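Asks: what shape does this take:
(chains A and B)
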Protein chains: 2
Amino acid sequence: MLLANDLLIKNQGAIHVIGYRSCIELLKSVGAGRIGITLDALPIILPVNYIYLDLGPDLDGCILFRTDPGTKLDAAFRHSVVAFEVDEIDYDKEEGWSVLVIGSAEVVDDPILEEKAMANGLHPWSGGMKTHMVAITPKIVSGRKITH
Amino acid sequence: MLLANDLLIKNQGAIHVIGYRSCIELLKSVGAGRIGITLDALPIILPVNYIYLDLGPDLDGCILFRTDPGTKLDAAFRHSVVAFEVDEIDYDKEEGWSVLVIGSAEVVDDPILEEKAMANGLHPWSGGMKTHMVAITPKIVSGRKITH
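Replies: Coordinates of the predicted model:
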């Protein structure tokens, strides 16, 4: 598990780096994020509701979401490296934080993991079957916040 | 100007397509979004505060933000095709909308455009010089919303 903050932080003014543990806590604290993938060689960003699931003391957790056949599922079938971002923005204060995960997406074919995710509240916000579950296993995690 | 909704909408359940004009109005209504670019061949998503500027009745508008030397500026110098996303998520209702723009990023070297952007309220939220301005000219615009 690497921290990519050195890559991302170009400005140390009011921008503060968020440590790995806090990044994971923030990932657990929100339920919707954005996945960055490519579609026909074009970059796209799609919102998705998800859960972050701990897999035990000796394993890294993963981001899980449900989806229908389409762009996101195709990326998972290809084991694509994807970006996943969550943030919280305060427009009045012009402050906010963001956490960026880079990892490979994979289709979940483990019924026990699927059941665990559903028991932890993962369900699609929109209609449709959303019969597939996708896991993103974080390889690089970084976060930053702007405060005044 | 193309609409990519057909590419993105796989589920017509509670997901509704947002038309082009409404997408542009939503882009104008928020001041922070996320840019999807690549860094060392890895996909990343970075939040950025921005304005959407109309350039007159016969011209498409553009997304403008300020930045320091770094990943986002490098993308602009390369005239990279980037993704830009804005959204609003209601966790209680499990509803939300998102607008996705795909376009090329370019460094702004037109002082009149720079002045116009600043007059329209564009300023960096974080410290640092942020001496460069980047424009994303939308080529593909799409939006969708989930309502119950």
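
Asks: please count neighbours and contacts with C-alpha atoms only from this point.
Replies: OK.

Asks: how about the residues of chain A near chain B?
Replies: Contact residues, chain A versus chain B (CA under 8 Å from any CA of the partner chain): A:8, A:10-15, A:31-32, A:36-37, A:42-47, A:68-71, A:81-85, A:89, A:91, A:94-95, A:98, A:100, A:102, A:125-128, A:146-147.

Asks: helix/strand/coil for A:L27?
Replies: Secondary structure, DSSP: H, G, I helix; E, B strand; the rest coil: A:L27 is helix.

Asks: and it, how close does it get to B:D87?
Replies: The gap separating A:L27 from B:D87 is 18 Å, by CA to CA, to the nearest Å.

Asks: more neighbours, those two?
Replies: Higher neighbour count among A:L27 and B:D87: A:L27, with 25 against 21, using other CA atoms under 10 Å in any protein chain shown.

Asks: and the residues of chain A next to chain B, which of them are in strands?
Replies: Counted as lying in strands by DSSP state E, out of these, are A:15, A:32, A:36-37, A:42-47, A:81-85, A:89, A:95, A:98, A:100, A:102, A:146.

Asks: filter those residues down to the buried ones, ChimeraX style.
Replies: Applied in ChimeraX, the following selects the buried portion of these according to 16 or more other CA atoms under 10 Å in any protein chain shown:
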select /A:15,32,36,37,43,44,45,46,47,81,82,83,84,85,89,95,98,100,102,146
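
Asks: so in chain A, where's the weakest helix or strand by average pLDDT?
Replies: helix A:5-8 (a mean of 42; mean pLDDT, DSSP states H and E).

Asks: and the residue nearest the centre of chain A?
Replies: The centre of chain A sits closest to A:F84, judged by CA atoms, centre = their mean, with a distance of 3.8 Å.

Asks: which residue is the nearest non-sequential neighbour of that residue?
Replies: A:I35 (4.5 Å; CA to CA, 6 or more residues apart in numbering or on different chains).

Asks: that neighbour is in contact with A:V48, isn't it?
Replies: Yes. If you go by CA atoms under 8 Å, A:I35 and A:V48 touch, sitting 7.1 Å apart.

Asks: ok, those two, which is more surrounded?
Replies: A:I35 (25 against 19).

Asks: got the contact list for the more buried one?
Replies: By CA atoms under 8 Å, 6 or more residues apart in numbering or on different chains, the residues touching A:I35 are A:I45, A:L46, A:P47, A:V48, A:V82, A:A83, A:F84, A:E85.

Asks: nearest to B:A76, of those residues?
Replies: Distance to B:A76, by CA to CA, is smallest for A:I45 among those, at 18.1 Å.

Asks: so what's that closest one bridging to?
Replies: Beta bridges link A:I45 to A:G36 when assigned by DSSP bridges.

Asks: now swap in A:A83 and tell me
Replies: Under the criterion used (DSSP bridges), A:A83 bridges to A:G36, A:I102.

Asks: would you agree it is in contact with A:V99?
Replies: No. Contact status for A:A83 versus A:V99: not in contact, 10.4 Å apart, counting by CA under 8 Å.

Asks: phi, psi for A:E115 please.
Replies: When read as degrees, to the nearest 10, the backbone of A:E115 gives phi -60, psi -40.

Asks: tell me, how many residues neighbour it?
Replies: For A:E115, the count of nearby residues is 12 (other CA under 10 Å).

Asks: what does the one 3 residues further on give?
Replies: Using other CA under 10 Å as the criterion, A:M118 is surrounded by 15 other residues.

Asks: contacts only, for it.
Replies: No contacts exist for A:M118 under CA under 8 Å, 6+ apart.

Asks: A:I146 now?
Replies: Applying CA under 8 Å, 6+ apart to A:I146 gives the contacts A:A14, A:I15, A:H16, A:E95, A:G96, A:W97, B:W125, B:S126.

Asks: can you list the residues you listed in a markdown table and add pLDDT and distance to B:A75?
Replies: Output for the contacts of A:I146, formatted as a markdown table (pLDDT from 0 to 100; distance: CA to CA, whole Å):
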| residue | pLDDT | distance to B:A75 |
| --- | --- | --- |
| A:A14 | 79 | 23 |
| A:I15 | 86 | 21 |
| A:H16 | 93 | 23 |
| A:E95 | 91 | 25 |
| A:G96 | 94 | 23 |
| A:W97 | 97 | 22 |
| B:W125 | 88 | 21 |
| B:S126 | 83 | 20 |
